[in-house]
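J.: show me how the following folds:
(chains A, B, C and D)
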Protein chains: 2
Amino acid sequence: MTQQVKIDRGAGISLWRQIAEWLKAEIASGTYAKDARVPTEAEIAARFDVNRHTVRRAIAALTNDGILRADQGRGTYVASTPLAYPISRRTRFSEIVSAQDKTPTGKMTAAAEEEADALIATQLGVNIGTPLWRIGTLRVVDGFPVLVSTSWLEKARFGNLPEIYDASNSFTECMKQAGVTDYTRKSTKVTAELIEPSDAIQLGLGEGQPVLVVESVNVGPDGQPVQYTRSRMAADRIQLVIENDG
Amino acid sequence: MTQQVKIDRGAGISLWRQIAEWLKAEIASGTYAKDARVPTEAEIAARFDVNRHTVRRAIAALTNDGILRADQGRGTYVASTPLAYPISRRTRFSEIVSAQDKTPTGKMTAAAEEEADALIATQLGVNIGTPLWRIGTLRVVDGFPVLVSTSWLEKARFGNLPEIYDASNSFTECMKQAGVTDYTRKSTKVTAELIEPSDAIQLGLGEGQPVLVVESVNVGPDGQPVQYTRSRMAADRIQLVIENDG
DNA sequence: GTTATTCGTCTATACAAATAGACAATTACC
DNA sequence: GGTAATTGTCTATTTGTATAGACGAATAAC
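T.: Numbering: from 1, shown residues only, chains lettered A, B, ... in the order given. Predicted coordinates for the structure are as follows:
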């Protein structure tokens, strides 16, 4: 569905930025697929009644971000498209990415012991002060970082979690070795926030950028919480899809 | 959780706009409740290493939007907080709003007959060309518009839908009178888009603003789709919460 | 080879945003 | 009443954004 949109002057977002966002939205909505040719600079300028230079500034920014590729004399093309990220009861990053013919990679970025504060204790159904593992991970798609997460799991139950995760890059494996044969998502909360500096560095985003923040609780087969996760997603590289499993 | 954030210079979003977004995020995350006092202009200016005037510009924008209230000599206070909007199998706007001690109102904004195109036919499980009702609604919380929706339902099944909805302001009532004793949400897709001009007018948002777009399918007791809805939510007035039931 | 199209580069001007400084007005506290 | 804190208002300057025009370079079509 093509976005029919006018730009907002005076709202504190530069025109070039708004046009860049429009182009990204068009790509995300499927109007322009990977390798498709987007409208010319002159067409976009006419569409929004702006100067061609303003359009060039927008295209330059997206080219720098790896989203567009401009070929002199030929036009401007889509270099990459965002990942559709389903949030269902059973969400497995690698499967999602591979199913979209993209290449998933990732790594553990941090591992530490931590005592449960009030929020996390509530989410995990444990006492305040319970020893936890706090695991930081980074997910990469086709070479571009898309998602950073922080997960909290009980240390008593997942004793050598960092070593297992480091070797396997998989929470499913960690769960299995701790005797949790299956786990599913119990609840999810979506908000938008401005990116934190350490996340900005990992995601390769500029400071002050908005990210989708997804907080979720995973439960084991017995319905007890086993993992609380807070993920920060690069909103222009990921599109959230929620499916209510019967 | 306080947002620890620096602002991004050169990314095409003015500093005042970024500070306004930060303040909104702080309010949305609960750092500052309704009627709480936010940091002073001087504190914010120091925090972000900007001029006080830049902070004043941000506060002025939020004051204009009804989010903040500045009192000379005393400080700046939160005038309103966003609505937490749960997306579960059974989502009823009035109940959600009233449960948060806010006042829900709303109205039908449009009603028309329309033939099902390929997308909607797929979503509703009907043939292309099937006669449908297309119903536009606007939802208001404490006097501020938060959500516009467009719903599609089969005309053959919901023959006098516009009249019933106009009188009752309730899809639940329309469903009941059509013999659908209960309906639940089957699937939900969340994306972010730039607001369309007609929606901007109804939501009182500036053009070029991002909105959360939620597409959902409601099914009757027999599991068959009865309603396809596309909602556009003012992202700074609504916070999405997803709960996986059962 | 010529023409048309599209992106790339350069110079110049006007307006918005950001900064700086100062002082006024209001509120709160002692 | 005096002082401190905080928002409100005014003037001024610099930087960033947007616009305008022109021409060059590369590609595509005939």
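J.: which bits of chain A sit near DNA strand C?
T.: Taking C-beta under 7 Å from any atom of the strand as the measure of proximity, chain A contacts DNA strand C at A:10, A:12, A:40-42, A:53, A:56, A:59, A:70-76. In short, each C-beta sits where N, CA and C put it, glycine included.
J.: for the buried ones among the residues you listed, write the corresponding ChimeraX selection.
T.: Command for ChimeraX, covering only those of the residues of chain A next to DNA strand C found buried under the criterion 16 or more other C-beta atoms under 10 Å in any protein chain shown:
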select /A:12,41,56,59,70,76
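J.: just the ones of the residues of chain A next to DNA strand C in strands?
T.: Among these, the members found in strands (DSSP state E) are A:Ala70, A:Asp71, A:Gly75, A:Thr76.
J.: pull the contacting residues for the residue lying closest to A:Pro104 once chain neighbours are set aside.
T.: Of all residues not flanking A:Pro104 in the chain, A:Val97 sits nearest, at 3.7 Å (C-beta to C-beta, 6 or more residues apart in numbering or on different chains). Counting by C-beta atoms under 8 Å, 6 or more residues apart in numbering or on different chains, A:Val97 touches A:Leu83, A:Thr103, A:Pro104, A:Val141.
J.: re the thing from before, chain B: which of the residues of chain A next to DNA strand C is nearest?
T.: Nearest to chain B out of those is A:Gly12 (C-beta to the nearest C-beta; 3.0 Å).
J.: do you know the pLDDT at the residue nearest to that closest one when sequence neighbours are not counted?
T.: Closest residue in space to A:Gly12, ignoring its immediate chain neighbours: B:Arg17 at 3.0 Å, by C-beta to C-beta, 6+ apart. Per-residue pLDDT puts B:Arg17 at 90.
J.: dump the residue contacts of B:Arg17.
T.: Residues in contact with B:Arg17, defined by C-beta under 8 Å, 6+ apart, are A:Ala11, A:Gly12, A:Ile13, B:Ala58, B:Ala61.
J.: which SS state does it fall under?
T.: Of the three states, B:Arg17 takes helix under DSSP: H, G, I helix; E, B strand; the rest coil.
J.: on that earlier part again, the ones in strands among the residues of chain A next to DNA strand C into a markdown table, with extra columns for distance to B:Val190 and pLDDT?
T.: What follows is those, written out as a markdown table (distance: C-beta to C-beta, whole Å; pLDDT from 0 to 100):
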| residue | distance to B:Val190 | pLDDT |
| --- | --- | --- |
| A:Ala70 | 31 | 90 |
| A:Asp71 | 34 | 89 |
| A:Gly75 | 32 | 90 |
| A:Thr76 | 28 | 92 |
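J.: and the helices in chain A?
T.: For chain A, the helices defined by DSSP state H occupy A:15-28, A:41-48, A:52-64, A:93-99, A:118-124, A:161-168, A:171-177, A:197-203.
J.: which parts of the second one are buried?
T.: Which is helix A:41-48. Buried-residue list, helix A:41-48, by 16+ other C-beta under 10 Å: A:Glu41, A:Ile44, A:Ala45, A:Arg47, A:Phe48.
J.: what is the end-to-end distance of stretch A:117-136?
T.: Stretch A:117-136 has its terminal residues 17 Å apart, counting by C-alpha to C-alpha, to the nearest Å.
J.: okay, buried residues for that stretch please.
T.: Neighbour counts using 16+ other C-beta under 10 Å place A:Ile120, A:Ala121, A:Gln123, A:Leu124, A:Val126, A:Thr130, A:Leu132, A:Trp133, A:Arg134, A:Ile135, A:Gly136 of stretch A:117-136 among the buried residues.
J.: same deal with stretch A:102-115?
T.: Neighbour counts over stretch A:102-115 (16+ other C-beta under 10 Å) mark A:Lys102, A:Pro104, A:Gly106, A:Met108 as buried.
J.: among those residues, which one sits closest to chain B?
T.: Using C-beta to the nearest C-beta, these come closest to chain B at A:Lys102, 18.5 Å.
J.: give me the most central residue, chain A.
T.: Nearest to the geometric centre of chain A sits A:Met233, at 2.5 Å (C-alpha atoms, centre = their mean).
J.: might one say that it is in contact with A:Val214?
T.: Yes - proximity of A:Met233 to A:Val214 meets the contact threshold set by C-beta atoms under 8 Å, at 6.6 Å.
J.: identify the contacts common to those two.
T.: A:Leu240.
J.: inside strands: which ones of the contacts of A:Val97?
T.: Cross-referencing the contacts of A:Val97 against strands under DSSP E gives A:Leu83, A:Pro104, A:Val141.
J.: dump those into JSON lines; add distance to B:Arg157 and pLDDT as well.
T.: As requested, those are exported to JSON lines (distance: C-beta to C-beta, whole Å; pLDDT from 0 to 100):
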{"residue": "A:Leu83", "distance to B:Arg157": "37", "pLDDT": "82"}
{"residue": "A:Pro104", "distance to B:Arg157": "44", "pLDDT": "88"}
{"residue": "A:Val141", "distance to B:Arg157": "43", "pLDDT": "87"}
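J.: using TSV, please lay out those together with distance to B:Glu21.
T.: Formatted as TSV, those follow (distance: C-beta to C-beta, whole Å):
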residue	distance to B:Glu21
A:Leu83	24
A:Pro104	31
A:Val141	26
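J.: what does chain A put close to DNA strand D?
T.: Counting by C-beta under 7 Å from any atom of the strand, chain A comes close to DNA strand D at A:14-17, A:49-51, A:53-54, A:57, A:71-74.
J.: ok, so of those, who is nearest A:Ser187?
T.: Ranked by distance to A:Ser187 (C-beta to C-beta), the residues of chain A next to DNA strand D are led by A:Arg17 at 34.3 Å.
J.: excluding its backbone neighbours, what's nearest A:Lys24?
T.: A:Lys24 sits nearest to A:Asp236 (C-beta to C-beta, 6+ apart), 5.2 Å away.
J.: domain ranges for chain A?
T.: Using automatic domain parsing, the domain parsing of chain A gives A:15-78, A:83-242.
J.: returning to that earlier point: just give the closest residue to the residue nearest to the centre of chain A, not the sequence neighbours.
T.: A:Leu212 (4.4 Å).
J.: from B:Thr76, how far off is that neighbour?
T.: 28 Å (C-beta to C-beta, to the nearest Å).
J.: ok, A:Ala178 - contacts?
T.: For A:Ala178, the contact set (C-beta under 8 Å, 6+ apart) comprises A:Arg157, A:Phe158, A:Gly159, A:Leu161.
J.: show the buried residues in those.
T.: Buried, going by 16+ other C-beta under 10 Å: A:Arg157, A:Phe158, A:Leu161, out of these.
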